[in-house]
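In: okay, sequence plus prediction incoming.
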Amino acid sequence: MTCKQIREKMPDVAAGLAGTTSEETRHLATCASCAGELEEFRRTMALLDEWQAPEPSPYFDIRLQARLREEISRPQAGWLAWFRHPVLASAFTVLMGLGIALFVADHHGAFTTQDDSIVAADIQAQPGTAVSDLQTLEKNHDMLADFDLLDDLQVQNNVTANP
Amino acid sequence: MAGMTPAGMGIAPVVTAAGQDLSDADIMLRVKAGDSAAFDYLVQKYRRPLVSFMYRMARNSAVAEDLAQEVFLRVYRSRNTYEPSAKFTTWLYRIATNLAVNHARDTRYERPEVSVSLDEPDEETGTTFELRDGKLTAEQEMVRRERLQAIRSKVEALPERQRTAVIMHKYQQMDYKQIAEVLKLSESATKSLLFRAYETLREQLKDFI
């Protein structure tokens, strides 16, 4: 038995929640330091006993019954009850806002170059100029893309590449 | 609860048809099955310890009653999902500790510094000063109040976990294992936590010992 071992048990012994084994009793009889510390713990516990808690008031049961009745009569919370939570409600609002913003932006073409391509197609370039060459390349690109699609549909035999 | 009447709230031991005492977890399973008398039994059994626990955690008797009632309401609300995986009291005190700690955090800045005066009622209990059957003089009563104030404030000044552990150990008579389960600590960590807490109290209250 060491001082460390018995010290860990002191709060329980001093509070009267545990007794001492014969070995611990022998140690306490021979170790003045541990015996003194245990005595101080006992006095501290006795002092702490002075802090008494009041009994529940006579209205405790009545108030609890009223709160329980209120609990029972309250309609069961549906899934909409989640939105009463301020954090969830805020998160939902932000998500809805973001969703709407993305939807609107998409329909106004903010993420595409559709307008640019329309403008490019509308330009009537003179044959042989750089702009005309670029337009031809652009058309060929579209045509090649169409070929891939027609390959998939197995109808490429009916198509001539340069009509 | 419709069946919960003051007259029907006596703590009769709950036994099975075979005459065996039921554990609190078994009684809670009856609550889960819709037995309102079983809930009344648990309220009657634990209202005093819970009010006492909450009083020492919140240091106000009216708030303590409110919080204790809230614990019972939460037990009632959770009846359908209750699983007896842990001891009933562990579950109960875990609910109580969470509520008390949250309340303490929410009202941290609302508590004024308490002074000891014979002319004013006690802030925690609401009682006014009275000489107890002439056994104590006014001076002795003043000293007693001062000592009590020191105990309350030194316990309250402990770190949150130490304070909760001391209240459970000293005033609720819970053993290390149970405290460890409520606080989700190992048993050895709880022992060491309590030892440090009592060491602090012993040191800080030595003028009153």
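Out: Perfect, I can see it now. Residues are numbered from 1 along each chain as shown, chains lettered A, B, ... in the order given.
In: contacts, neighbours, all on C-alpha from now
Out: Fine.
In: surely B:Ala165 is in contact with B:Leu194?
Out: Yes. Using Cα atoms under 8 Å, B:Ala165 makes contact with B:Leu194 at a distance of 6.5 Å.
In: neighbours around B:Ala58, how many?
Out: For B:Ala58, the count of nearby residues is 20 (other Cα atoms under 10 Å in any protein chain shown).
In: do you know how far it is from A:Ala15?
Out: B:Ala58 is 23 Å from A:Ala15, where distance means Cα to Cα, to the nearest Å.
In: ok, which stretches of chain A are helices?
Out: For chain A, applying DSSP state H gives helices covering A:3-14, A:22-30, A:32-48, A:60-73, A:86-107, A:114-122, A:130-153.
In: CSV for those helices, including mean neighbour count, distance to B:His169 and mean pLDDT?
Out: What follows is those, written out as CSV (neighbours: other Cα atoms under 10 Å in any protein chain shown; distance: least, Cα to Cα, whole Å; pLDDT from 0 to 100):
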stretch, mean neighbour count, distance to B:His169, mean pLDDT
helix A:3-14, 18, 8, 88
helix A:22-30, 13, 22, 93
helix A:32-48, 17, 11, 94
helix A:60-73, 16, 25, 92
helix A:86-107, 12, 37, 82
helix A:114-122, 11, 74, 53
helix A:130-153, 13, 78, 71
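In: okay, those in TSV with distance to B:Ala150 next?
Out: As requested, the helices of chain A are exported to TSV (distance: least, Cα to Cα, whole Å):
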stretch	distance to B:Ala150
helix A:3-14	20
helix A:22-30	30
helix A:32-48	10
helix A:60-73	29
helix A:86-107	41
helix A:114-122	78
helix A:130-153	86
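In: nearest to B:Tyr41, out of these?
Out: When these are compared by Cα to Cα, helix A:60-73 sits nearest B:Tyr41, at 12.2 Å.
In: say whether chain A is contacted by the lowest-mean-pLDDT helix or strand in chain B.
Out: Using mean pLDDT, DSSP states H and E, the weakest-scoring helix or strand in chain B turns out to be helix B:138-157, at a mean of 91. Yes. Contact of helix B:138-157 with chain A (Cα under 8 Å from any Cα of the partner chain) involves B:Leu148, B:Ile151, B:Arg152.
In: what about chain B, any weak spots by pLDDT?
Out: The model of chain B has pLDDT under 70 over residues B:1-20, B:111-134.
In: ok, which residues in it are in contact with chain A?
Out: Residues of chain B lying near chain A by Cα under 8 Å from any Cα: B:1-2, B:4-6, B:47-48, B:51-52, B:55-56, B:61, B:65, B:69, B:73, B:125, B:148, B:151-152, B:170, B:173, B:175, B:191-192, B:194-195, B:198, B:201-202, B:205-206, B:208-209.
In: helices and strands around the top helix by length along chain B, which ones?
Out: Taking DSSP H as the criterion, chain B has its longest helix at helix B:36-58. On a contact count with 3 or more Cα pairs under 8 Å, 6 or more residues apart in numbering or on different chains; DSSP states H and E, helix B:36-58 meets helix B:24-32, helix B:61-77, helix B:88-106.
In: need those helices in a markdown table with mean neighbour count, can you?
Out: What follows is these, written out as a markdown table (neighbours: other Cα atoms under 10 Å in any protein chain shown):
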| stretch | mean neighbour count |
| --- | --- |
| helix B:24-32 | 19 |
| helix B:61-77 | 21 |
| helix B:88-106 | 17 |
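In: ok, which of those helices comes nearest A:Phe60?
Out: Once the helices and strands packed on helix B:36-58 are compared by Cα to Cα, helix B:61-77 is nearest, at 6.9 Å.
In: quick one: that closest one to helix A:60-73, angle?
Out: Here helix B:61-77 runs at an angle of 40 degrees relative to helix A:60-73 (axes from the mean of the first three to the mean of the last three Cα atoms, to 10 degrees).
In: and for the nearest residue to A:Trp51 once chain neighbours are set aside, the neighbour number?
Out: Of all residues not flanking A:Trp51 in the chain, B:Leu148 sits nearest, at 6.3 Å (Cα to Cα, 6 or more residues apart in numbering or on different chains). Using other Cα under 10 Å, B:Leu148 is surrounded by 20 other residues.
In: please report how far A:Pro86 lies from chain B.
Out: To chain B, A:Pro86 is 18 Å away according to Cα to the nearest Cα, to the nearest Å.
In: what are the phi and psi values for A:Thr129?
Out: phi -90, psi 170 (degrees, to the nearest 10).
In: now for it: which residues touch it?
Out: If you count contacts by Cα atoms under 8 Å, 6 or more residues apart in numbering or on different chains, A:Thr129 has none.
In: distance check, it against chain B.
Out: For A:Thr129, the distance to chain B equals 77 Å [Cα to the nearest Cα].
In: with A:Ala91 instead?
Out: 24 Å.
In: tell me the residues of chain A that contact chain B?
Out: Going by Cα under 8 Å from any Cα, the residues of chain A near chain B are A:8-11, A:15, A:17, A:40-41, A:43-45, A:47-48, A:50-51, A:53-56, A:60-62, A:64-65, A:67-69, A:72.
In: how's chain A carved up into domains?
Out: Residue ranges for each domain of chain A read A:3-48, A:114-158, as given by automatic domain parsing.
In: endpoints of the longest one, how far apart?
Out: Put plainly, it is domain A:3-48. Domain A:3-48: ends 25 Å apart by Cα to Cα.
In: chain center to that domain: distance?
Out: Offset of domain A:3-48 from its chain centre (Cα atoms, centre = their mean, to the nearest Å): 48 Å.
In: for stretch A:41-51, same thing?
Out: 45 Å.
In: ok, now which ones touch the residue nearest the centre of chain B?
Out: What sits nearest the mean C-alpha location of chain B, by Cα atoms, centre = their mean, is B:Phe53, with 0.9 Å. Contact analysis of B:Phe53 by Cα under 8 Å, 6+ apart lists B:Ala64, B:Ile167, B:Met168, B:Tyr171, B:Gln172.
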